[in-house]
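**Q** have a look at this prediction, sequence included:
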Amino acid sequence: LDVTPPVPERRMQPSEPPPGVQLQDLPLVEAVISAGGEVESVRMLTPGVDVRALVMLSVVKTWRFHPATRNGRPVRYKIRFHLTGP
C-alpha cells in the first residue's frame, strides 16, 4: 500500500480500447518491472489470444519505466494491464 507504481517513460499504447471494443475483451498481460525500470518478465494471462497479441509481448519487453518506489527507493513491481493496441 505504501508503494508508488511504476510510470511508463512514454505512452506505450492507447489508453482506451478501440471504438466498439470492451476493455475486458482485450488480452490481459502481467509484467514485472525491475527496480531499474526494465521489464524483467511478461506473460499473457488471457488464454487463446491471437498472434498479434503474442507479438505485442515482445514489444512490451522493450518498454522502460520510471520504477515503482517505496519510501523513496526503487523497488520491483508486478503490474497487470490490458493490451489496447500497438
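**A** Thanks, I have the structure now.
**Q** what's the lowest-mean-pLDDT helix or strand in the chain packed up against?
**A** Least confident helix or strand, the chain: helix 51-60 with a mean of 84, by mean pLDDT, DSSP states H and E. Helix 51-60 sits against strand 28-33, strand 39-44, with contacts defined as 3 or more Cβ pairs under 8 Å, 6 or more residues apart in numbering; DSSP states H and E. To be clear about C-beta, it is placed using only N, CA and C from the backbone, and glycine gets the same treatment.
**Q** ok, then the element right after it?
**A** Where DSSP states H and E defines the elements, the next helix or strand beyond helix 51-60 is strand 65-66.
**Q** quick one: list the elements packing against that next one.
**A** Strand 65-66 packs on strand 7-8, going by 3+ Cβ pairs under 8 Å, 6+ apart.
**Q** relative to the strand it packs on, what are the paired strands and their orientations?
**A** Strand 7-8 pairs in its sheet with strand 65-66 (antiparallel), by DSSP bridges.
**Q** thought residue 5 was touching residue 78?
**A** No - using Cβ atoms under 8 Å, residue 5 is not in contact with residue 78; the gap is 10.1 Å.
**Q** low pLDDT regions in this protein?
**A** 1, 11, 14, 86 (pLDDT under 70).
**Q** hey, what's in contact with both of residue 5 and residue 78?
**A** Shared contacts of residue 5 and residue 78 (Cβ atoms under 8 Å, 6 or more residues apart in numbering): none.
**Q** follow-up on the earlier one: list the buried residues of the least confident helix or strand of the chain.
**A** For helix 51-60, the neighbour count (16 or more other Cβ atoms under 10 Å) marks 53, 56-57, 60 as buried.
**Q** which of these lies closest to residue 68?
**A** Nearest to residue 68 among the buried residues of helix 51-60 is residue 60, at 16.5 Å by Cβ to Cβ.
**Q** okay then, goodbye and thanks.
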